[in-house]
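Asks: sequence and predicted structure below; questions after.
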Amino acid sequence: MMFKKKLLASAMATALVSGAMMAGGAQAVTMSNTSVGQMLLGDMYVARTTDYSTTAIRVINTSTTDAVKAKLVFRSKKHSDECRDMILYLTPGDVAYVDVRLNATTGQPEVWSDDDSILASKKSDGTAVFASQVAGGVAFPMVAPRTEPAADTCAQGHFEVVAAYAVGGTVTNLLSGLPNVTITQGMSKHNLIRVFDTPKEAATGSAELNVPANNITNNAVANGADFTARVRLKGNVEIKSGSDRLMAPMLAIREGTNARSGGVSTDVVTNPAFDVTLGAETFIGSAFGDGGVQPTEMLGDIEGALTTNKLFNSYEKSATNFEVTFPTKYRHILTGRYSGAGATYEAPFEVKGEVAYGVSLFDNQERSAPGTVADLCVVSPCSTPVVSGMYLIHEVNFEAVLGNTNWDPASGWFNMTLANRAGTDSYGYTWVSGIGAPASGYTHFYKSPLAQSVISPMGR
């Protein structure tokens, strides 16, 4: 069957963010200012029966010489439970695409694709079937959140793309014993999956998957080979209705300079044994580092790049919503996974996982006064705050910014402050009071009823 081809340093304790410091040093990895990086974060997806019924996700491999193996993970709105994951098999210059939508029969969210970058099934003899080989594409149902399913939902949430590694040139020593594979644009996905489904060499040197120098090799850190430095992914997310669309780039995390490693640029993933599979959940930052130049646990580096104590954007009365996601929050649950009302969180989040905020509205003449924020119910079940007062309580928060009876300017800008809980988390990172929280988000501007929408990333 014909495929649809699409060419297109030292261990770091903390991070320098927004002029404040988590005790210990400066961040290595950083947020990309070009939306191209080694890991992509999607602030929100949504699939509901009214208006915004589909979220289209596109992941581009901008390298025309290297193939990339990556994992796309969808997480629930409230507690980041894993709803669905899949491996992306990206040839050079490739695009992977999926749609999140509601199944008309079951009313449950699903992920659909007819792309040759998505594996539909694999038979016991190793034969791979890609989504492009299935008439009408393949719909993968999302699972219900594993904890408190009545209180959480997979119909709204956030998602991430974690690149395992890039590879180019000619690959030898494949376990199948079949001929070598040369990585090129337009290559067979059946050959590519032979490469990416062969176990990588362990750091001890047992030869299984062997590729040319300066790609992925055994003892990669010692011989200078790059892992995610060769990965150049870009992602777009488009939330669609019959008459409106909201489109924005995914936030990209990329390599950066680590001041504690003599100015050497360090990568998001340096662990030579790191890989992604569907058999085990991938936790953001876990086992990303090599344990030498970079610590095995890279959560602190990633949070250093994301942490801010302020989010802001322009404002139009009755036409401004905004979205804030805490993509790493689930890793700060002291009991591991969320386990109901008794679950407790550690710094930088409050005990119940909330983040305190304040918001001010400015008009066009530099006058300001406190504003208010209201949680918007996007999917059922609606939110039930676990604390009173001004707090964001979920991993994904979709909010309206509002004035009050005494102060409600027609336009201007809003300034939202985020307050963290001070203390040392279980990963050894010290959160100094006032530094803020690891967050991402954007502002949604629209005409009422929902139409002519645009999205703008918030300043930080």
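Replies: Arrived safely, thanks for sending.
Asks: quick one: low-confidence residue ranges for the stretch 301-450 of the chain.
Replies: Across the stretch 301-450 of the chain, the ranges flagged by pLDDT under 70 are 336, 340-341, 380-386.
Asks: how about the stretch 151-300 of the chain?
Replies: Confidence mapping of the stretch 151-300 of the chain against pLDDT under 70 gives the ranges 173-178, 200-229, 257-265.
Asks: mind listing the strands for it?
Replies: Using DSSP state E, counting those that start in this stretch, the strands of the stretch 151-300 of the chain run over 156-167, 170-171, 181-182, 233-240, 245-249, 251-254, 256-257, 265-266.
Asks: of these, flag the one that's most buried.
Replies: Neighbour counts (mean count of other Cβ atoms under 10 Å) averaged over each of the strands of the stretch 151-300 of the chain peak at strand 156-167, with a mean of 26. Every residue, glycine included, has its C-beta placed from N, CA and C.
Asks: list the helices and strands that one packs on?
Replies: The contact analysis (3 or more Cβ pairs under 8 Å, 6 or more residues apart in numbering; DSSP states H and E) places strand 156-167 against strand 39-46, strand 67-76, strand 233-240, strand 396-402.
Asks: mind checking the ones you listed for the one nearest to Leu334?
Replies: Nearest to Leu334 among the helices and strands packed on strand 156-167 is strand 67-76; the distance by Cβ to Cβ comes to 19.0 Å.
Asks: now for that closest one, which elements pack on it?
Replies: Applying 3+ Cβ pairs under 8 Å, 6+ apart, one finds that strand 67-76 contacts strand 54-61, strand 82-90, strand 95-102, strand 156-167, helix 189-196.
Asks: helices and strands around the first one, which ones?
Replies: On a contact count with 3+ Cβ pairs under 8 Å, 6+ apart, strand 54-61 meets strand 39-46, strand 67-76, strand 82-90, strand 95-102, strand 233-240.
Asks: hmm, back to that, dump the helices and strands packed on strand 156-167 to a markdown table, plus distance to Ser456.
Replies: Output for those, formatted as a markdown table (distance: least, Cβ to Cβ, whole Å):
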| stretch | distance to Ser456 |
| --- | --- |
| strand 39-46 | 12 |
| strand 67-76 | 24 |
| strand 233-240 | 14 |
| strand 396-402 | 13 |
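Asks: thought Met458 was touching Leu311?
Replies: Yes - if you go by Cβ atoms under 8 Å, Met458 and Leu311 touch, sitting 4.4 Å apart.
Asks: list the residues that contact both of those two?
Replies: Listed as contacting both Met458 and Leu311 by Cβ atoms under 8 Å, 6 or more residues apart in numbering are Phe322, Gly441.
Asks: more neighbours: which of those two?
Replies: Neighbour count, other Cβ atoms under 10 Å: between Met458 and Leu311, Leu311 has more, with 24 against 20.
Asks: is the more buried one located within a helix, as I assumed?
Replies: No - assigned with DSSP: H, G, I helix; E, B strand; the rest coil, Leu311 falls outside any helix and is strand.
Asks: and of the helices and strands packed on strand 67-76, who's closest to Pro449?
Replies: Closest among those, using Cβ to Cβ: strand 54-61, at 18.3 Å.
Asks: partner strands of that closest one, with direction?
Replies: Strand 54-61 has its sheet partners listed here by DSSP bridges as strand 95-102 (antiparallel), strand 233-240 (antiparallel).
Asks: just send those back as JSON lines, with distance to Met31 too.
Replies: Shown next, in JSON lines, are the strands paired with strand 54-61 (distance: least, Cβ to Cβ, whole Å):
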{"stretch": "strand 95-102", "distance to Met31": "22"}
{"stretch": "strand 233-240", "distance to Met31": "14"}
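Asks: and those: which comes nearest Arg75?
Replies: Of all the strands paired with strand 54-61, strand 95-102 comes closest under Cβ to Cβ, at 12.1 Å.
Asks: then the closest one to PDB, C-alphas only?
Replies: Coordinates of each C-alpha in strand 95-102 appear next as PDB, following Å, rounded to 0.1, in the frame of the first residue of the first chain:
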ATOM      1  CA  VAL A  95       5.000  16.100   9.900                       C
ATOM      2  CA  ALA A  96       2.900  14.000  12.400                       C
ATOM      3  CA  TYR A  97      -0.700  15.000  12.900                       C
ATOM      4  CA  VAL A  98      -3.500  13.900  15.100                       C
ATOM      5  CA  ASP A  99      -7.000  15.200  16.000                       C
ATOM      6  CA  VAL A 100      -8.500  15.100  19.500                       C
ATOM      7  CA  ARG A 101     -12.300  14.800  19.200                       C
ATOM      8  CA  LEU A 102     -15.400  13.300  20.900                       C
END
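Asks: by contact count, what packs against the next helix or strand after that strand?
Replies: Proceeding N to C from strand 95-102, the next assigned helix or strand is strand 109-113, under DSSP states H and E. Helices and strands touching strand 109-113, by 3+ Cβ pairs under 8 Å, 6+ apart, are strand 82-90, strand 95-102, strand 138-141.
Asks: any idea of the mean pLDDT in the first one?
Replies: Pointing back at strand 82-90 there. Strand 82-90 comes out with an average pLDDT of 95.
Asks: which residues are contacting it?
Replies: The contact list for strand 82-90 (Cβ under 8 Å, 6+ apart) reads 59, 61, 67-76, 96, 98, 109, 111, 117-119, 130, 140-143, 145-146, 154, 157, 161, 189, 192-193, 196, 276-278, 281-282.
Asks: switch to 6 Å and redo it
Replies: 61, 68, 70-74, 76, 96, 111, 117, 140, 142, 154, 189, 192-193, 281 (Cβ atoms under 6 Å, 6 or more residues apart in numbering).
Asks: and those residues, which are buried?
Replies: Using 16 or more other Cβ atoms under 10 Å as the burial test, the contacts of strand 82-90 include 61, 68, 70-74, 76, 96, 111, 117, 140, 142, 154, 189, 192-193 as buried.
Asks: on that earlier part again, tell me which of the helices and strands packed on strand 109-113 lies nearest to Val454.
Replies: When the helices and strands packed on strand 109-113 are compared by Cβ to Cβ, strand 95-102 sits nearest Val454, at 20.9 Å.
Asks: any residues touching the closest one, and which ones?
Replies: Against strand 95-102 from outside (Cβ under 6 Å, 6+ apart): 6, 8, 45, 47, 54-60, 88, 109, 111-113, 115, 117.
Asks: show the contacting residues for Ala343.
Replies: Applying Cβ under 6 Å, 6+ apart, we find Ala343 in contact with Ile333, Thr335.
Asks: can you check Ile193 too?
Replies: Counting by Cβ under 6 Å, 6+ apart, Ile193 touches Tyr89, Ala128.
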